[in-house]
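**Student:** Need the 3D shape of this:
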Amino acid sequence: MEMSQETQPAVATPPAPGPKEKDGRTAQRPLALRVLARPDVGVFLGAVAVYVFFLISAPPVREASAMANILYQSSTIGIMALPVALLMIGGEFDLSAGVAVITSALTAAMLS
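**Tutor:** I've put the predicted structure just below:
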């Protein structure tokens with residue numbers, strides 16, 4: 001009793017040409033969703049919301065002298081808060097921000 005099996009060579013048939021199917025990973029998202037997915041857009045929208053809230057709820061904020069006072073007071077915090085916020089948004093938070101605050105304060109004191 002002999003059992004013999006004949007194997008035939010595998011023939012690869014090329015896929016039929018046609019439109020490529022797109023799955024969820026390669027589908028093009030609308031522009032609004034792509035823009036809202038960025039973290040810096042959320043920060044900007046939050047800042048605009050706070051600004052609009054204070055424009056509506058506090059009428060003195062609308063005056064030019066009050067806006068100059070607000071910007072002057074916020075500049076001392078914003079000089080260091082803006083770079084630290086950008087580091088946090090980018091995911092590269094640096095713990096030496098406290099040292100930079102003290103260094104900038106000492107430098108400003110020495111120059112003045």
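
**Student:** what are the ranges of the helices in the chain?
**Tutor:** Using DSSP state H, the helices found in the chain span residues 31-36, 39-57, 64-90, 97-111.

**Student:** TSV for those, including mean neighbour count and mean pLDDT?
**Tutor:** All C-beta atoms are positioned from the backbone trio N, CA, C, and that covers glycine. Formatted as TSV, the helices of the chain follow (neighbours: other C-beta atoms under 10 Å; pLDDT from 0 to 100):
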stretch	mean neighbour count	mean pLDDT
helix 31-36	10	83
helix 39-57	11	88
helix 64-90	12	82
helix 97-111	11	81
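
**Student:** Look up how far Leu36 lies from the closest residue in space to Arg62 that isn't next to it in sequence.
**Tutor:** In space, and not counting its chain neighbours, Arg62 is closest to Leu55: 6.3 Å by C-beta to C-beta, 6 or more residues apart in numbering. Leu55 sits 24 Å away from Leu36, going by C-beta to C-beta, to the nearest Å.

**Student:** go on, Ile89?
**Tutor:** 15 Å.

**Student:** Pick out the residue closest to the middle of this structure.
**Tutor:** In the chain, the residue lying closest to the centroid (C-alpha atoms, centre = their mean) is Pro39, at 2.5 Å.

**Student:** Spatially, which residue comes closest to that residue, not counting chain neighbours?
**Tutor:** Ile89 (5.1 Å).

**Student:** Repeat that for Ile70.
**Tutor:** Of all residues not flanking Ile70 in the chain, Val61 sits nearest, at 7.1 Å (C-beta to C-beta, 6+ apart).

**Student:** Ok, Val35 next?
**Tutor:** Nearest non-adjacent residue to Val35 (C-beta to C-beta, 6+ apart): Val41, at 5.8 Å.

**Student:** doesn't Arg34 make contact with that neighbour?
**Tutor:** No - Val41 lies out of contact with Arg34 (C-beta atoms under 8 Å); the separation is 9.9 Å.
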